[in-house]
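Undergrad: what shape does this take:
(chains A, B, C and D)
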2 protein chains.
Amino acid sequence: MVGTRQFDEAAVMQRALDVFRHKGLASTSMIDLALATGVHRGSLYNAYGSKDAIFLTAFEQYARDYLCGVRAALEQPDAHTALSAFVDHVLAGLACGSPARGCLSTRTAAESQETAPAVRERIRAWLQELEDTIEASLRQPFLADRLVLPPRETARFLVTFTRGLAVMERVHQDDTQLREISSSLIRVLVRQDPAA
Amino acid sequence: MVGTRQFDEAAVMQRALDVFRHKGLASTSMIDLALATGVHRGSLYNAYGSKDAIFLTAFEQYARDYLCGVRAALEQPDAHTALSAFVDHVLAGLACGSPARGCLSTRTAAESQETAPAVRERIRAWLQELEDTIEASLRQPFLADRLVLPPRETARFLVTFTRGLAVMERVHQDDTQLREISSSLIRVLVRQDPAA
DNA sequence: ATTATTCTTGACAGTAATGTCAATCTTGAC
DNA sequence: GTCAAGATTGACATTACTGTCAAGAATAAT
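TA: Residues are numbered from 1 along each chain as shown, chains lettered A, B, ... in the order given. Have a look, this model is predicted:
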């Protein structure tokens, strides 16, 4: 291939992700992306064509990392520990950065009616992947037998609830309060006694 | 008073609310507001000074109506009915309009890091009011004795969870799925037997 | 070393939105 | 009816962003 791209795509996408996380898709301009990545605006147009395309490319990194993290967190010997680890992982992701960067998928989902259909669809599909990933982990009998709801419903519940947590984080910026709410979540989803 | 305002403020705020709901605070321009309300942009600047001020004024209508609705919905003889009515009310608010208008407070909360401090603070305070309102309703003994969590925690849980529902609604636009998740919510928060 | 291809860059025209202001119009109070 | 406070309006200057393009630079393949 002649005329080789002169920037490191992975690094650029990482920077772009930071911008999208902090400003949101709609409020991010190509100028913002050019400044943050150090890549000329014209080059970005040439390489990706549009802001949405950059977002979708960057989102793949985010999506992969997030799902890996969730899968790893849920690898625990019992339901209580698994759900605690899951919530810890989600909260750590929210609080990370200064100012805290929040949750990209939640933010984008919230404004997804004004985004391109391709973006909305990607977010929808990703939330489904997240649900499926959680469900698959919870299906292990030694986890499932302690859950108040069946794995599928628990997974869906967790996806919805953590989206709510991400919204609350934006407003409160208070880790303690989020952890309190999360402990209610676990208390409500995990059965104390193995029978019943 | 001379030089009387020539528009009906309540009507204008209602229109403004519609715009904010559909486009979000950040993506709404003064031009959008002028077009939707029929009030000249200059007049809006003269009367309110800024987009944020218009938002805050319009938000008061929204806040009042929402809290009234929640209070009314929770006036029920038992916990299961009360929570069902609450969720129905929230979901009805989300689905209303075409395209569905979603939840203004959730949407604004999600982008609240990029808004003026006054807006973020108003949203924060309102979420607290919502929590307090729910808690007050749930404190009645014949409701509270069926709740898995104490009223305060239940209220906080409901606020967080419904913010999550509002996010999911933006993505799925599917009332059925939201109702399924909501039935899990009630199942998990309300005890079946009055003892234990 | 040359070449063909692709990337980079600065420039440009066009659109959208902002915030302000002076001129003009309205209307309640006297 | 006059008047003064305040509302409306169109215009203006500015700023921000978009999308495109031609000229130039870089480089893998020959």
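Undergrad: to what extent is residue A:128 buried, counted in neighbours?
TA: Residue A:128 is flanked by 14 other residues according to other Cβ atoms under 10 Å in any protein chain shown. (Each C-beta comes from the backbone N, C-alpha and C, glycine too.)
Undergrad: all strands for chain A, in order.
TA: Assigned strands in chain A: none (criterion: DSSP state E).
Undergrad: tell me which residue is most central in chain A.
TA: Ranked by distance to the mean C-alpha position of chain A (Cα atoms, centre = their mean), the top residue is residue A:105 at 5.0 Å.
Undergrad: so it sits against residue A:127, correct?
TA: Yes. Using Cβ atoms under 8 Å, residue A:105 makes contact with residue A:127 at a distance of 6.9 Å.
Undergrad: what's the spacing between the closest residue to residue A:56 other than its chain neighbours and residue B:58?
TA: Nearest non-adjacent residue to residue A:56, counting by Cβ to Cβ, 6 or more residues apart in numbering or on different chains: residue A:122, 5.9 Å away. Taking Cβ to Cβ, to the nearest Å as the measure, residue A:122 falls 32 Å from residue B:58.
Undergrad: also residue A:22?
TA: 26 Å.
Undergrad: which residues does the closest residue to chain B within chain A contact?
TA: Evaluated by Cβ to the nearest Cβ, chain A has residue A:164 as its residue closest to chain B, separated by 3.0 Å. Residues in contact with residue A:164, defined by Cβ atoms under 8 Å, 6 or more residues apart in numbering or on different chains, are B:159, B:160, B:161, B:162, B:163, B:164, B:165, B:167.
Undergrad: equivalent analysis for residue A:187, please.
TA: B:148, B:149.
Undergrad: rewinding a little: for residue A:122 and residue B:58, indicate the residue with more neighbours.
TA: Just comparing residue A:122 and residue B:58: by other Cβ under 10 Å the higher neighbour count belongs to residue B:58, 25 against 21.
Undergrad: is it true that that one touches residue B:13?
TA: Yes. In terms of Cβ under 8 Å, residue B:58 counts as a neighbour of residue B:13; the distance is 4.3 Å.
Undergrad: what sits up against stretch A:75-91?
TA: Outside stretch A:75-91, the residues touching it (Cβ under 8 Å, 6+ apart) are A:69-70, A:72-74, A:103, A:134, A:137-138, A:142-144, A:146-147, A:158, A:162, A:165-166, A:169, A:175, A:178-179, A:182, A:185-186, A:189-191.
Undergrad: select only the buried ones of the residues you listed in ChimeraX?
TA: To isolate the buried ones among the contacts of stretch A:75-91 in ChimeraX, judged by 16 or more other Cβ atoms under 10 Å in any protein chain shown, type:
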select /A:70,73,74,103,134,137,138,143,144,146,147,158,162,165,166,169,178,182,185,186,189,190
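Undergrad: sort out for me which of the contacts of stretch A:75-91 are in helices.
TA: A:69-70, A:72-74, A:134, A:137-138, A:142-144, A:158, A:162, A:165-166, A:169, A:175, A:178-179, A:182, A:185-186, A:189 (DSSP state H).
Undergrad: where does chain A have low pLDDT?
TA: By pLDDT under 70, the low-scoring segments of chain A are A:1-3, A:193-196.
Undergrad: try it again with 50
TA: A:196 (pLDDT under 50).
Undergrad: tell me where it has helices.
TA: So, for chain A - with DSSP H - the helices run A:9-23, A:30-37, A:41-48, A:51-74, A:79-95, A:104-110, A:117-138, A:141-144, A:151-172, A:175-189.
Undergrad: can you lay out these as a markdown table showing distance to DNA strand C?
TA: Output for these, formatted as a markdown table (distance: least, Cβ to the nearest atom of the strand, whole Å):
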| stretch | distance to DNA strand C |
| --- | --- |
| helix A:9-23 | 10 |
| helix A:30-37 | 9 |
| helix A:41-48 | 2 |
| helix A:51-74 | 13 |
| helix A:79-95 | 29 |
| helix A:104-110 | 20 |
| helix A:117-138 | 19 |
| helix A:141-144 | 47 |
| helix A:151-172 | 22 |
| helix A:175-189 | 33 |
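Undergrad: winner for burial among the ones you listed?
TA: Most buried of the helices of chain A, by mean neighbour count (mean count of other Cβ atoms under 10 Å in any protein chain shown): helix A:104-110, with a mean of 26.
Undergrad: and residue A:98, backbone torsions?
TA: Main-chain dihedrals, residue A:98, degrees, to the nearest 10: phi -140, psi 110.
Undergrad: and it, how close does it get to residue A:164?
TA: From residue A:98 to residue A:164 the distance is 23 Å (Cβ to Cβ).
Undergrad: go on, residue A:82?
TA: Relative to residue A:164, and taking Cβ to Cβ, residue A:82 is found at 20 Å.
Undergrad: just give the closest residue to the residue of chain A closest to chain B, not the sequence neighbours.
TA: Once flanking residues are discounted, residue A:164 sits nearest to residue B:164: 3.0 Å by Cβ to Cβ, 6+ apart.
Undergrad: kindly report the same for residue A:6.
TA: Nearest one to residue A:6, counting by Cβ to Cβ, 6+ apart, is residue A:43 at 8.0 Å.
Undergrad: same deal with residue A:59?
TA: residue A:122 (6.3 Å).
Undergrad: same question, residue A:112
TA: residue A:120 (4.3 Å).
Undergrad: residues in contact with the residue nearest to the centre of chain A?
TA: A:62, A:66, A:123, A:126, A:127, A:130 are the contacts of residue A:105 under Cβ under 8 Å, 6+ apart.
Undergrad: repeat that with 7 Å
TA: Neighbouring residues of residue A:105 by Cβ atoms under 7 Å, 6 or more residues apart in numbering or on different chains: A:123, A:126, A:127.
Undergrad: ok, now how distant is the first one from DNA strand D?
TA: Put plainly, it is residue A:123. Between residue A:123 and DNA strand D the computed distance is 20 Å (Cβ to the nearest atom of the strand, to the nearest Å).
Undergrad: ok, that residue touching residue A:112?
TA: Yes. Contact between residue A:123 and residue A:112 holds when scored by Cβ atoms under 7 Å: they sit 5.6 Å apart.
Undergrad: mutual contacts of those two, please.
TA: residue B:171.
Undergrad: appreciated, that's everything.
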